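Novice: all I have is the shape, not the residue letters:
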DNA sequence: TAAAAATACTCCATAGGTATTTTAT
DNA sequence: ATAAAATACCTATGGAGTATTTTTA
């Protein structure tokens, strides 16, 4: 007994005929006959009542149908679940922030990460931009908020621009212009 | 994704190694490698962490394991259920009883059949032994309580002896001995 | 470096295809 | 008589085996 047989069995019952099911499944009708024959052999009972205009399940067939549908749903569910688990970020993540900003950003980020990615343990490290780059590049930190002198993002790292910091040259009395 | 892959995956996790699982499953180790590789390909994630002394499931692997066990149990359950349903007697059953006995036996039998085989609808027909044989033999009745002159059961029918009826030649005054 | 897993390849069993026959109304 | 399933037979894909290499604590 295998999933292919169950899938085919479901299709045959739903289509009410081997021929129609074969078309839907895009395989030849004799292949279906074979699979169902094997199933019936293994289970030691007829599953379908054959008539000149299609098939209907026997009571044993109906019992199998119920289970087959459940199994097939569980299988789909399993796939989805595994893919979800695989794509869920988790583990320890070290984030480097500049000392000036960390007091302001850290609490907010810990909260937000906790909501979005409950499986992540966030750790905050304080360091200035230059040190931050080294930490991230060497793998001692996973994420860093790094200032860039030019408009280009730091090399060798995956980066995107968060915001732009306006810097003013300010003077009480006009000395430079 | 198929049942074979799931079964093998369960065995590998339980044995903690491809090699041990291969021995338990009585197949070659590379076959297992292939199956798990295919599974991992299809699900787009690693399922096992390989070390030089065996394997342990990743978190995705643990999720799959849980589902795989459920599916495998469900499958076994399905088989049992189908076989049970297939072997449960059901439908209309016509039973022929001799008129003398039917009044006594019929109520008891209807009750008992109802308990043992709830899916059977029992119908009682009254007829003498000779007629009974004809009814059962022709298929108009399914079961019959038939007296046999000799010790051998009625031919052409599946029979077993229910009881033996003692017949006495009784006389008030001794006329025959 | 020593175990366990992965790779390369070969072979065979089972899935699937085509042509035809059988069955049941 | 006709539509549908079964059977017979062939082909191809995927599962399993043997020999060997690669990996990692």
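Specialist: The structure has been received and is ready for your questions. Predicted, not measured: the structure shown is a model, and the values here were computed from it. Numbers count the residues shown, from 1 in each chain, chains lettered A, B, ... in the order given.

Novice: now for residue A:48, how many residues are close by?
Specialist: By the criterion of other Cβ atoms under 10 Å in any protein chain shown, residue A:48 has 21 neighbours. (Glycine included, C-beta is placed from N, CA and C.)

Novice: now swap in residue A:109 and tell me
Specialist: Residue A:109, neighbours per other Cβ under 10 Å, totals 16.

Novice: secondary structure element holding it?
Specialist: helix A:99-116 (DSSP states H and E).

Novice: which elements pack onto that helix?
Specialist: Applying 3 or more Cβ pairs under 8 Å, 6 or more residues apart in numbering or on different chains; DSSP states H and E, we find helix A:99-116 packed against strand A:91-97, strand A:120-126.

Novice: so which of these gets nearest residue B:54?
Specialist: Residue B:54 sits nearest to strand A:91-97 of all these, at 22.3 Å, using Cβ to Cβ.

Novice: tell me the strands beside the closest one, with direction?
Specialist: Strand A:91-97 has the following strand partners under DSSP bridges: strand A:120-126 (parallel), strand A:143-144 (parallel).

Novice: and that strand, what's its mean pLDDT?
Specialist: What strand A:91-97 shows for mean pLDDT is 88.

Novice: what angle separates it from helix A:99-116?
Specialist: Angle of strand A:91-97 versus helix A:99-116, following axes from the mean of the first three to the mean of the last three Cα atoms, to 10 degrees, is 150 degrees.

Novice: number of nearby residues for residue A:107?
Specialist: Using other Cβ under 10 Å as the criterion, the residues surrounding residue A:107 number 11.

Novice: so who does it touch?
Specialist: By Cβ atoms under 8 Å, 6 or more residues apart in numbering or on different chains, residue A:107 lies in contact with nothing.

Novice: for the strands paired with strand A:91-97, which one sits closest to residue B:149?
Specialist: strand A:120-126 (89.6 Å).

Novice: would you map the helices across chain A?
Specialist: A:3-15, A:18-25, A:29-43, A:59-87, A:99-116, A:129-138 (DSSP state H).

Novice: burial check on residue A:87, number of neighbours?
Specialist: 10.

Novice: any idea how far the nearest residue to it once chain neighbours are set aside is from residue A:81?
Specialist: Closest residue to residue A:87 apart from its sequence neighbours, by Cβ to Cβ, 6 or more residues apart in numbering or on different chains: residue B:45 at 7.9 Å. The gap separating residue B:45 from residue A:81 is 11 Å, by Cβ to Cβ, to the nearest Å.

Novice: show me the beta-bridge partners of the closest residue to residue A:143 other than its chain neighbours.
Specialist: In space, and not counting its chain neighbours, residue A:143 is closest to residue A:95: 4.5 Å by Cβ to Cβ, 6+ apart. For residue A:95, the beta-bridge partners are residue A:124, residue A:143 (DSSP bridges).

Novice: okay, the most centrally placed residue in chain A: pLDDT?
Specialist: Nearest to the geometric centre of chain A sits residue A:84, at 3.7 Å (Cα atoms, centre = their mean). On the pLDDT scale, residue A:84 is placed at 92.

Novice: do residue A:164 as well
Specialist: pLDDT, residue A:164: 84.

Novice: can you check residue A:11 too?
Specialist: 94.

Novice: spatially nearest residue to it, not counting backbone neighbours?
Specialist: According to Cβ to Cβ, 6+ apart, the nearest residue to residue A:11 is residue A:21 (4.3 Å).

Novice: show me what from chain A comes close to chain B.
Specialist: Residues of chain A found near chain B (Cβ under 8 Å from any Cβ of the partner chain) are A:1-4, A:43-45, A:47, A:59-60, A:63-64, A:67-68, A:70-71, A:74-75, A:77-79, A:81-83, A:85-87, A:90.
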